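*Asks:* Below is the sequence, then the predicted model.
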Amino acid sequence: MYEIEISPVAMAHLRALSGRERRVIIDGIQKQLSHQPFEETRNRKRMRPNPLAPWELRLGTLRVYYDIDESGAEKVLVRAVGVKVRHQVTVAGEVIKL
């Protein structure tokens with residue numbers, strides 16, 4: 001089972017969302033990333049190089065960007081949380097180009 005750590009920056013991103021959106025993200029992180037976060041699924045995928053993180057978890061219009069500690073520590077670090085509308089991802093009120 002992987003330990004999940006949410007970075008201080010991602011915590012600030014979470015605080016900017018509604019309570020319902022936060023609950024969806026926390027539940028999704030626990031269900032999707034605690035076991036085999038490195039395995040691509042319909043909602044998890046490795047991304048092209050970008051400024052946020054190498055992995056993305058899709059939860060409806062919500063996105064969780066994370067990294068996996070591959071040194072054997074079995075840890076997932078959530079780096080950013082955002083909302084995707086059409087082709088734009090907004091993180092903490094700022095549009096990010098991926």
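*Replies:* It's in.
*Asks:* Now do the lengthiest helix in the chain: which elements does it pack against?
*Replies:* In terms of residue count, the longest helix belonging to the chain (DSSP state H) is helix 19-33. Judged by 3 or more CB pairs under 8 Å, 6 or more residues apart in numbering; DSSP states H and E, the packing partners of helix 19-33 are strand 3-6, strand 55-59, strand 62-69, strand 75-85. Glycine gets a C-beta too; all of them are placed from N, C-alpha and C.
*Asks:* got the angle between it and strand 75-85?
*Replies:* 130 degrees (axes from the mean of the first three to the mean of the last three CA atoms, to 10 degrees).
*Asks:* And the contacts of helix 19-33?
*Replies:* 2, 4, 6, 14, 17, 41, 43-44, 57, 59-60, 62, 64, 66, 76, 78, 81, 83 (CB atoms under 8 Å, 6 or more residues apart in numbering).
*Asks:* Just the buried ones from the residues you listed?
*Replies:* 2, 4, 6, 14, 17, 44, 57, 59, 62, 64, 66, 76, 78, 81, 83 (16 or more other CB atoms under 10 Å).
*Asks:* May I see the buried residues of the helix or strand of the chain with the lowest mean pLDDT?
*Replies:* Least confident helix or strand, the chain: strand 94-96 with a mean of 84, by mean pLDDT, DSSP states H and E. Within strand 94-96, the residues scored as buried using 16+ other CB under 10 Å are I96.
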